[in-house]
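K.L.:
what's the 3D shape of this:
(chains A, B and C)
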Amino acid sequence: MKKLLALLLIGAMTLSTVACGSSAPAAEEAELEAKEEAPAAAEEEAPAAEEEAPAAEEEVSAGGDAASEITLWTYPIGKWGDEATVKGLTDAFTAKTGIAVNVEFLAYADGDDKVNTAITAGQAPDLIMEGPERLVANWGANGYMVDLSDMLDDTDKSEIQAAPLAACTAPGGEVYEYPLVMTAHCMAVNMNAFKEAGADQYLDLETHTWTTENFIKAVEALYAHYNDTVAAVYCAGQGGDQGTRALVNNLYGGSYTDAAHTAYTWNSPENVKALEQLKSMDGIAFDASLAGGDEIAKFYQGILKMAFCWNIAQQLDPNAAGTGAGLTVTGEEIEFMSFPSETGESKLQGGIWGFGIFDNGDAARIEASKQFIKYMADSEATVDAVKAANYFAVRSAAEGTDLTAIWADNEIMDEYQVLMPQLGDYYQVTPGWAGQRTAWWTMLQKIGSGTDVTEALTQYEGEANAAMAE
Amino acid sequence: MENKTGNGKVYKIISLIILVVLAFLFLFPLYWIITGAFKPPADIYAQKPVWWPSEWVTTNFSNLMNKRTAPMWEIHMPFSRFFSSGGESITLATGPTVPAVFRWLLNTIFMAVAAMFLTCFTATMAGYALAKKRFRGRSILFGLIICAMALPKQVVLIPLLKEMSAIGLYNTIWAIIFPTVGWPFGVFLMKQFSEGIPGEILEAARIDGAGEWNTFATIVFPMVKPGVGALAIFTFINSWNDYFMQLVMVSSNVNYTISLGIATLQAETSIDVGMLMAGAVLASVPIIVVFLMFQKYFTQGITMGAVKG
Amino acid sequence: MSSQVTQKRSQALQRREDIAGYSFMLPSLIFFAGFVLIPMVICIWLSLTDSNMHTQGGGNFIGLRNFSNLFKDEVFLDALWNTFVIVFVSVPAVTAFSLWVASAIYKLKMPVLSAFRCIFYLPVVTGSVAVTVVWKWMFDNYTGILNSVLKTTGVIDTNINWLGDEKYALWCIILILFTTSVGQPIVLYVSALGNVDASLVEAAQVDGATDLQAFWRIKWPQIMPTTLYILVITTINSFQCFALIQLLTQGGSGTQTVMYYIYYTAFKLTEQSGHFGYANAMGVVLAIFIGILSAVQMRLAKEK
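P.N.:
Numbering: from 1, shown residues only, chains lettered A, B, ... in the order given. Sure, this is the predicted structure:
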């Protein structure tokens, strides 16, 4: 009996190594012995795990040298979500340094959960690519990230724009994200539809701006023509919420947080007015079945005539579908626009993306990860890394390579520059950021389903500020 | 009297019509998956649903295949971390790089088959013991099993994750398989089956001097075989579909299952419905084929266990 | 004297039963204890602490504070209510529907019967993710086939936002759950009805009982064990709706359930994320809820 069981387990183990070999990077298992609760069934497995502990320690003691293999988890930032593109970049890095890079691709819908699960399991990736609101305000603040300030010398600091660098720096001065690219988030309109409905007269295509008044007229014209929803205040989740935030805040000049980033200021007369205006418009639906990505999809499909979740990467490759820059699936023309405001001058939401390193307690892996960041974000290879992201570089030059003109040959990128001066405050690092995002989309859902605007704003602003207090 | 049978007939016809309609409704999602997988982009992106593909194309499948790649298999040297100098496990052979969906399918099949064998093995023995052995603590154990049966895995999510990480199984297929095997429904089912074994036969075997294991292997097992068959298929389907464990326990593309892979693609590109449907075809057709092949044993099996309950 | 011998013998016998019983149980117990019982015990312990993703170790003991907070948490109360609704709607609905289908088809000829059985079983084997992905497309607000059909047939004038509207979303989820749950009960009922002693039914009909009366008096008691078994498995099934929630609504539009909220609290990126004590407290509440349900069902089973 027992023999049979033992045989079975051994057989199982052998199989496990056969079929699911790439189990996990060695590390973190050192605490194994402490875990008395490890079930009996696992006893047979335990030796396999235990042996990893000394191995991991060895690596630590070997510090200074770089590990030969690292893991990078990346969110879909432009073509950084595309396997072939990323493979080209990492292969070049491997060829130069001999360090292999295992890449995993995350989605915005559940990427955060995956990272948190991995952290809990003690197997966070070495490198992660995302923005300060996650890397600095959350994982950094909770002590999972490596301080990268030693990577920044005075030349770097002079080359990198001050605003994105400040956003990547924690209040204590630690730099948890090495910024690579940035952009201004905007909105987009379907020009064919606008022309058909006679709404194109409300757009200033020279400056790509429009006033609130014209925006309202345009929606009315579109609705009169199509008799259907033409734009959606999407709120199925937090994905793409920068669009709804910018829309609401700019419409009548409201703000999202106070200037010092110490409180959320949703419940202001301007925001109430904006939300009431949006809710009263027939052409605009508060849609709790769409998140930002879905909204883009519907816009790309030609169903929605406006998208609030837009930026230059979308303009270059709408819906990441590869069917042509600035065109919907049926070939209709897309124009990017600033968000409407009373004056036409808006405060756009910035997007900043870069790399962070998770502190897995392994100096060799951290060293290798730093080499990776240096290579991607501050070397002659940075041009490719930036271009892959489809955004603008955060720095003027990298190790002598000029980065200011890398998009000069691209008409759309060039034209998009008109929006960059409108970049507003990067308030995404306000404390409680991750928590308040849920409050925001839940509030939009409530308003959509009939809750009074002021009431909803009061309740969820309260929740957002409570999240800050945590 | 006649009137009554007449009514009965009308009722029968009406109910049959309703049934046929319902059957079509139940088939519809599958129809929508399969046609969706072969529709060209124009149909997929059409603002009005297209009932029948205007043209049958395989681009959705090729998009799916080009999306992610993975080595088809990797054979690692067992325990090699123990003696390799770098502390890395030694890979003896790595398969050719193929579209990741094939690796996902392979993982899923491996997972479902392993879970199936382990569950059948453990549950048959345990079910027999619970039904036929009057050992002390039996009723307490059975009570625990009943209580744990309906427990969704979310309840033990955090402890289980930490445990898997502690024993080095996080991000391996085993972290999905073992909890499936531990789920006590199989034991419950096999207990129901084993109840039906006549005590006299076991008694006779004992008098003949047969050992416990012999009795089990030669007398009990053949008698509960239909139950084992049912349990096997049941476990296979269940673990194939156990999306939650897969979501939490594995993080690498190469360890994904097909369900998890498709769900991840949906999260990334909710727009490319055609590609998602192609994925859904790959995720569902193999298991539907398995079901149709073993359908007879399956229906026999599940009914026997239940009716005896 | 002799009674002592008997006692000794029976003790020896008992020991033998113990050894044999536990040896046979052992493999199963290892898995059951390792991956169900022990995590459950840890879960109960953690629910009494402020354990957190960001702090190592087990956290501090805080008594029942997590639980008292839970019952002040509106989201959790909503989630509990929705979970309750899902179970108490889908279990009776599935049971009644499958009984009706089974009684309508069990007398049909074999290939037809078997075809029906297969068709109703297909959504079960199609797999939760595949099913969810296709339903999401069918329920789509703008391009879904459901809205399109209802509009062309004139049932509705404007699109219904099935998954985005609090009025409908939970019911859509229950509907999908329903289609993936009726397969097995139908199979079970078909064979149970087929096993009902036909002579008893005939005798009742000779006595002048109507079909309905014959059903309630003769058939219903005989298929009672099957019904109970179906109640048990359908209840289990109803708690497995995680994939639907995660992939369709992420807990929005009034579809939050305890199962999803546990995951949300544990791993979604929020300031409360990684509040493991709190998430485990929800797990314990859910387990108690399920325990009561199982106990009631078992009591019913004994009473019959």
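
K.L.:
in stretch C:35-53, which residues are buried?
P.N.:
C:35-40, C:42-43, C:45-53 (16 or more other CB atoms under 10 Å in any protein chain shown). Just so you know, the C-beta spots here come from the backbone N, C-alpha and C atoms, and that holds for glycine as well.

K.L.:
and stretch A:100-114, how far out from the chain middle?
P.N.:
11 Å (CA atoms, centre = their mean, to the nearest Å).

K.L.:
next one: stretch A:373-385
P.N.:
Worked out by CA atoms, centre = their mean, stretch A:373-385 lies 20 Å from the chain centre.

K.L.:
check stretch A:245-258 too.
P.N.:
20 Å.

K.L.:
and the residue of chain C nearest chain A?
P.N.:
Nearest residue of chain C to chain A (CB to the nearest CB) works out as residue C:34 at 2.4 Å.

K.L.:
roughly how far does that residue sit from residue B:122?
P.N.:
To residue B:122, residue C:34 is 12 Å away according to CB to CB, to the nearest Å.

K.L.:
same drill for those two, tell me which one is more crowded.
P.N.:
Neighbours of residue C:34 and residue B:122, each counted by other CB atoms under 10 Å in any protein chain shown, are more numerous for residue B:122; the result is 28 against 24.

K.L.:
wait, isn't that one in contact with residue C:24?
P.N.:
No. In this structure residue B:122 lies outside contact range of residue C:24 using CB atoms under 8 Å: 9.7 Å.

K.L.:
and residue C:29, what are its phi and psi?
P.N.:
Main-chain dihedrals, residue C:29, degrees, to the nearest 10: phi -60, psi -40.

K.L.:
name the SS class of the closest residue to it other than its chain neighbours, please.
P.N.:
Spatially, and ignoring its direct neighbours in sequence, residue C:29 is nearest to residue B:126 (7.2 Å; CB to CB, 6 or more residues apart in numbering or on different chains). Look at residue B:126: counting by DSSP: H, G, I helix; E, B strand; the rest coil, its state is helix.

K.L.:
mind listing what residue B:126 touches?
P.N.:
B:187, B:190, B:191, C:24, C:25, C:27, C:28, C:29 (CB atoms under 8 Å, 6 or more residues apart in numbering or on different chains).

K.L.:
right, is stretch A:181-200 up against chain B?
P.N.:
No. Stretch A:181-200 does not reach chain B (CB under 8 Å from any CB of the partner chain); its nearest approach is 12.3 Å.

K.L.:
and that stretch, C-alpha only, in PDB?
P.N.:
Provided in PDB are the C-alpha atoms of stretch A:181-200 (Å, rounded to 0.1, in the frame of the first residue of the first chain):
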ATOM      1  CA  VAL A 181       8.200  57.400 -22.000                       C
ATOM      2  CA  MET A 182       5.300  59.800 -21.500                       C
ATOM      3  CA  THR A 183       2.300  61.100 -23.200                       C
ATOM      4  CA  ALA A 184      -0.800  63.200 -22.700                       C
ATOM      5  CA  HIS A 185      -4.100  61.300 -22.700                       C
ATOM      6  CA  CYS A 186      -6.800  62.800 -24.900                       C
ATOM      7  CA  MET A 187     -10.000  61.900 -26.700                       C
ATOM      8  CA  ALA A 188     -10.800  61.100 -30.300                       C
ATOM      9  CA  VAL A 189     -13.600  61.700 -32.700                       C
ATOM     10  CA  ASN A 190     -14.800  59.900 -35.800                       C
ATOM     11  CA  MET A 191     -14.500  62.500 -38.500                       C
ATOM     12  CA  ASN A 192     -16.700  60.800 -41.000                       C
ATOM     13  CA  ALA A 193     -19.500  60.600 -38.500                       C
ATOM     14  CA  PHE A 194     -19.000  64.200 -37.500                       C
ATOM     15  CA  LYS A 195     -19.100  65.400 -41.000                       C
ATOM     16  CA  GLU A 196     -22.200  63.300 -41.800                       C
ATOM     17  CA  ALA A 197     -24.000  64.800 -38.700                       C
ATOM     18  CA  GLY A 198     -22.700  68.300 -39.500                       C
ATOM     19  CA  ALA A 199     -20.800  68.400 -36.200                       C
ATOM     20  CA  ASP A 200     -17.400  69.000 -37.600                       C
END
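
K.L.:
show me which residues of the stretch 101-250 of chain B sit near chain A.
P.N.:
By the rule CB under 8 Å from any CB, the part of the stretch 101-250 of chain B lying against chain A is B:106-107, B:110, B:114, B:118, B:121, B:158, B:161-174, B:178, B:213, B:247-248.
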